[in-house]
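> structure, please.
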Amino acid sequence: MSPLARFPPPLPAHRRTLRERCSAELNLRIMTNVGPFQQQRPFQQQPPPCQTGATKGHVQPHRSHLPRRRKNQVKRIVFYDSEDRDKPDPDAGAAPNAPDCQQQGQERHLQKLFEGLALAFKLQDPRADADACRDEGYTHIVDICHAEAPPASAHGCGAIERLQEAQVQRLRLILPAVAGDSPAPRAGLSLSDAQIRAARDFIAKTLPYASASQGKATAPLTASVLISTPAGRPTDAMSVLGCYLSFVSGKPVEITLRVIDDTPEILSAWKGEVSGDEVDRLEQVAARA
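As a prediction, this is how the structure comes out:
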């Protein structure tokens, strides 16, 4: 039989509810606090259950119901700008002077050869140069310098002055006038033989190393010698140093200077500054007693 034989199709039969099928009755009684002898009061909204003190059962996940945690020390992370970080702190005493000291060290090219002997260029400011020498604690200074006033004879040799300044002994080797006005890119050896020999004896008597007449040093090292030379004139300082080392060691000046040139710890400003002709001249000065 076709499903469309009867059109329209009959309505679906009405289905009874579960309460009707089970013959169950539901009685609802609402109790209020308003009795027959109580005056009816206006309705007051009760607080929500979560705000009452006697809450039972499951509670909502509120932060007030979480267990208390111990408050740890808060670690702060501070970010500094690169420009602010590079600025020196004005409250940090010697911090602003640190770049000045570093710049002075680069200008001086301070080179410590061994215990008790060092080389350095002079600073432009004489007062700053004197303060640097005093702070480093030198007891003897070979001061190679230009003349403060033009000498009487411009073609004569430089003078030799020995001074006692407080606890510092200073040997001044004044360069000739032509040495200060030389326009050549390389400043050659301008010290006289007498000045080099005086510097040799000054250092040899100060430092307790082996000399031409002594075998080994017996006194402890208590002195510190600085060979100071004007900026751009390393040849004079290296000539004094090479003559001294040759005198106390008995080895040729060429070998002592070559050892210095081959030492990587020595600054390049002090290497290769003495020519072959100047080495031959120093050999004669070092050999003299």
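
> low-confidence ranges in the stretch 1-150 of the chain?
Along the stretch 1-150 of the chain, segments meeting pLDDT under 70 span 1-10, 32-106, 149-150.

> touching, residue 116 and residue 244? I think so.
No: applying C-beta atoms under 8 Å, one finds residue 116 not in contact with residue 244, separated by 11.9 Å. All C-beta spots, glycine's among them, are computed from the backbone N, C-alpha and C.

> looking at those two, which is more packed in?
For residue 116 versus residue 244, the count of surrounding residues by other C-beta atoms under 10 Å is larger for residue 244: 27 against 20.

> for the host helix or strand of that one, packing partners?
Using DSSP states H and E, residue 244 sits within helix 234-249. If contacts are counted by 3 or more C-beta pairs under 8 Å, 6 or more residues apart in numbering; DSSP states H and E, helix 234-249 sits against strand 117-121, strand 140-145, helix 193-206, strand 225-229, helix 253-261, helix 276-287.

> next, format these as TSV and append mean neighbour count and distance to residue 169.
As requested, the helices and strands packed on helix 234-249 are exported to TSV (neighbours: other C-beta atoms under 10 Å; distance: least, C-beta to C-beta, whole Å):
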stretch	mean neighbour count	distance to residue 169
strand 117-121	22	15
strand 140-145	22	5
helix 193-206	20	8
strand 225-229	24	10
helix 253-261	18	24
helix 276-287	16	22
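
> got those as JSON lines, with distance to residue 108 columns?
What follows is the helices and strands packed on helix 234-249, written out as JSON lines (distance: least, C-beta to C-beta, whole Å):
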{"stretch": "strand 117-121", "distance to residue 108": "5"}
{"stretch": "strand 140-145", "distance to residue 108": "13"}
{"stretch": "helix 193-206", "distance to residue 108": "19"}
{"stretch": "strand 225-229", "distance to residue 108": "9"}
{"stretch": "helix 253-261", "distance to residue 108": "18"}
{"stretch": "helix 276-287", "distance to residue 108": "24"}
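
> number of residues surrounding residue 135?
Neighbours of residue 135 (other C-beta under 10 Å): 9.

> that one in helix, strand or coil?
Here residue 135 is helix, with the state taken from DSSP: H, G, I helix; E, B strand; the rest coil.

> where does it sit relative to residue 197, distance-wise?
Separation of residue 135 from residue 197 (C-beta to C-beta, to the nearest Å) stands at 31 Å.

> over to residue 238?
For residue 238 relative to residue 197 (C-beta to C-beta), the value is 16 Å.

> give me the buried positions along the helix holding residue 244.
234-248 (16 or more other C-beta atoms under 10 Å).

> now it against strand 117-121, angle please.
170 degrees (axes from the mean of the first three to the mean of the last three C-alpha atoms, to 10 degrees).

> okay, the angle between helix 234-249 and helix 193-206?
50 degrees.

> average pLDDT across helix 234-249?
For helix 234-249, mean pLDDT rounds to 93.

> give me the angle between it and strand 225-229.
Using the same axes, to 10 degrees: helix 234-249 against strand 225-229 is 150 degrees.

> quick check: residue 162 touching residue 173?
No: checked against C-beta under 8 Å, the pair residue 162 and residue 173 is beyond contact range at 10.3 Å.

> ok, those two, which is more surrounded?
residue 173 (26 against 10).

> which strands and helices lie in contact with the helix or strand encompassing that one?
Using DSSP H and E, residue 173 sits within strand 168-174. Judged by 3+ C-beta pairs under 8 Å, 6+ apart, strand 168-174 is in contact with strand 140-145, strand 160-165, helix 193-206.

> between it and helix 193-206, how many degrees?
Using the same axes, to 10 degrees: strand 168-174 against helix 193-206 is 160 degrees.

> what does strand 168-174 rub up against?
Contact with strand 168-174 is made by 133-134, 138-147, 151, 158-164, 191, 195, 198-199, 202, 206, 236, as judged by C-beta atoms under 8 Å, 6 or more residues apart in numbering.

> run the last query once more with 6 Å
140-144, 147, 158-159, 161-163, 191, 195, 202 (C-beta atoms under 6 Å, 6 or more residues apart in numbering).

> neighbours of residue 222, how many?
Residue 222: 9 neighbours (other C-beta under 10 Å).

> so how far is residue 170 from it?
18 Å.

> again, but for residue 201
Residue 201 is 15 Å from residue 170, by C-beta to C-beta.

> same thing with residue 256?
Taking C-beta to C-beta, one finds residue 256 at 25 Å from residue 170.
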